[in-house]
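J.: Give me a 3D structure for the following:
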Amino acid sequence: MSDDVVGVKAAERGFVGGGADVASFEVDHRGPLRQLQHFLHKYPTTVPFIVLLIGVLIFSVAAGSRFFAILNLSLVLQQVTIIAVLGIAQTMIILTAGIDLSVGAIMILSSIVMGRLAVVYGVPPELAFLLGLLTGLICGLINGLLVALVRLPPFIVTLGTWSMYGAMVIFVSRSETLRQQDVAAAAPLLQWLGSSFKVPIPGWGTAIITYGSVLMILLAVLIWYVLNRTAFGRHVYATGDDSESARLAGINTKRTLIATYTAAGLICAIAGWVTIGRIGAVSPLAGQNANLDAITAVVIGGTSLFGGRGSIIGTLVGALIVGTFRNGLALSGVEVLWQEFAVGALIIIAVTIDQWIRKISA
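T.: Next up, the predicted model:
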């Protein structure tokens, strides 16, 4: 047998046997930038955590001790509570590769139903509260049915229902605001989430935490568990990642979409309860920018607008980023105009990073 034939036989044995020659083909030659891209794809909440840390460090210097005071940080947490609760609802929708432009209107409509039933019509506060939650659930169900069964684009559906629910807000409220004193006298339950308790922190001061913020954290833990530890949560991610593949794999994507939009509507109603607790009154003008702020928190928090990737934790961090930047810029003496400019820039940067991460090879 010639030397060439022996060499070929040896090479074949080496290939079949899977020795060192095979392992050499699996060496990772990715550069640092490519490795970073893969890391961020695997851990999408890393970026918002870094942005939040940088923001805290910058404003601790720019705004001085006022920003890092425990009372101010407690205020930031209170300010982002409504946005965070709405953001949780919006996260569920965006994970399915949809979007809900009506979350703010559902929130306000639910709060109006709760308030007017209890204060104006004398309905027992507990029943008025439950009917308000039912209002949000029905609004979400309507969105889900139109998206899943009629197969209309989520953007168009929720743009239309945003106007419809907004009209219902005016109709039900009659453009009237229920005063804080009237709500307190007739339905203190509706204001309960605005109550607070003190948490002393040795060497730093005393934090003031509202029950609304506690509810926000508990709700986030619950939805995180549902999305990450249940079959329904896996169906949500699969539907958003590739709806057709999920359907072929045996997932009832229509039922998943309907359930997701319905749950989001219920969470929006809870946000309406939080809103009443936050401002004390029941107003049709409350939370006018909450819709866009919630989307901002979700996007900055690392949830992909194309669906299938994101987390509730990222949304909470995104809400804190929005609150931190606005609070820090205000304490630094920056005008409201430039505060909004900074938040807009954060959105563009977040979407740009998301697009870059999505270019990763499968």
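J.: which helices and strands does the lengthiest helix in the chain pack with?
T.: Longest helix in the chain, counting residues (DSSP state H): helix 253-279. Contacts defined by 3 or more CB pairs under 8 Å, 6 or more residues apart in numbering; DSSP states H and E place helix 253-279 against helix 81-95, helix 103-119, helix 125-148, helix 188-191, helix 211-229, helix 231-241, helix 243-248. In short, each C-beta sits where N, CA and C put it, glycine included.
J.: so after the third one, what's the next helix or strand?
T.: Elements were assigned by DSSP states H and E; along the chain past helix 125-148, the next helix or strand is helix 154-173.
J.: Buried residues in that next one, which are they?
T.: For helix 154-173, the neighbour count (16 or more other CB atoms under 10 Å) marks P154, V157, T158, T161, W162, Y165, G166, M168, V169, V172, S173 as buried.
J.: Can you lay out those residues as a markdown table showing pLDDT?
T.: Formatted as a markdown table, these follow (pLDDT from 0 to 100):
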| residue | pLDDT |
| --- | --- |
| P154 | 96 |
| V157 | 97 |
| T158 | 97 |
| T161 | 97 |
| W162 | 96 |
| Y165 | 96 |
| G166 | 95 |
| M168 | 97 |
| V169 | 96 |
| V172 | 96 |
| S173 | 95 |
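J.: how about the closest residue to K359 other than its chain neighbours, secondary structure?
T.: Distances taken as CB to CB, 6 or more residues apart in numbering put Q37 closest to K359, at 7.7 Å, once the chain neighbours are dropped. Three-state call for Q37 (DSSP: H, G, I helix; E, B strand; the rest coil): helix.
J.: Q37 reaches I353, doesn't it?
T.: No. Look at Q37 against I353 with CB atoms under 8 Å: they stay out of range, at 10.0 Å.
J.: rewinding a little: turn the buried residues of helix 154-173 into TSV, including distance to L248.
T.: Below are the buried residues of helix 154-173 laid out as TSV (distance: CB to CB, whole Å):
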residue	distance to L248
P154	22
V157	25
T158	27
T161	30
W162	33
Y165	35
G166	39
M168	39
V169	41
V172	44
S173	47
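J.: Would you double-check that I209 falls in a strand?
T.: Yes. Assessed with three-state DSSP, I209 lies in a strand.
J.: thought it was touching S196?
T.: Yes. Between I209 and S196 there is a contact under CB under 8 Å: 6.1 Å.
J.: residue ranges with poor pLDDT in this protein?
T.: Applying pLDDT under 70 to the chain flags the ranges 1-30, 41, 358, 360-362.
J.: repeat that for 50
T.: Within the chain, the ranges that satisfy pLDDT under 50 run 1-27, 361-362.
J.: Distance-wise, check the most centrally placed residue in it relative to L219.
T.: The residue lying closest to the centre of the chain (CA atoms, centre = their mean) is G87, at 2.9 Å. Note on G87: its distance to L219, by CB to CB, to the nearest Å, is 11 Å.
J.: List the residues that contact L75.
T.: N327 (CB atoms under 8 Å, 6 or more residues apart in numbering).
J.: Let me know the helix or strand that it is in.
T.: Taking DSSP H and E as the criterion, L75 maps to helix 70-79.
J.: That helix vs helix 253-279, what angle?
T.: Taking axes from the mean of the first three to the mean of the last three CA atoms, to 10 degrees, one finds that helix 70-79 is oriented at 140 degrees with respect to helix 253-279.
J.: Would you indicate which residues of helix 70-79 are buried?
T.: N72, L73, S74, V76, L77, Q78, Q79.
J.: Which strands or helices does the next helix or strand after the longest helix of the chain pack on?
T.: Proceeding N to C from helix 253-279, the next assigned helix or strand is helix 290-300, under DSSP H and E. For helix 290-300, the packing partners by 3+ CB pairs under 8 Å, 6+ apart come out as helix 81-95, helix 103-119, helix 312-331, helix 336-358.
J.: coming back round to it: looks like the residue nearest to the centre of the chain contacts A294 (just checking).
T.: Yes. G87 is in contact with A294 according to CB under 8 Å; the separation is 4.6 Å.
J.: Pretty sure P284 sits against F171.
T.: No. The pair P284 / F171 is not scored as a contact, 9.9 Å apart, by CB under 8 Å.
J.: where's P200, which helix or strand?
T.: P200 belongs to strand 196-201, assigned by DSSP H and E.
J.: repeat for T206
T.: Counting by DSSP H and E, T206 is part of strand 205-210.
J.: buried ones in that strand?
T.: Under 16+ other CB under 10 Å, the buried positions of strand 205-210 are A207, I208, T210.
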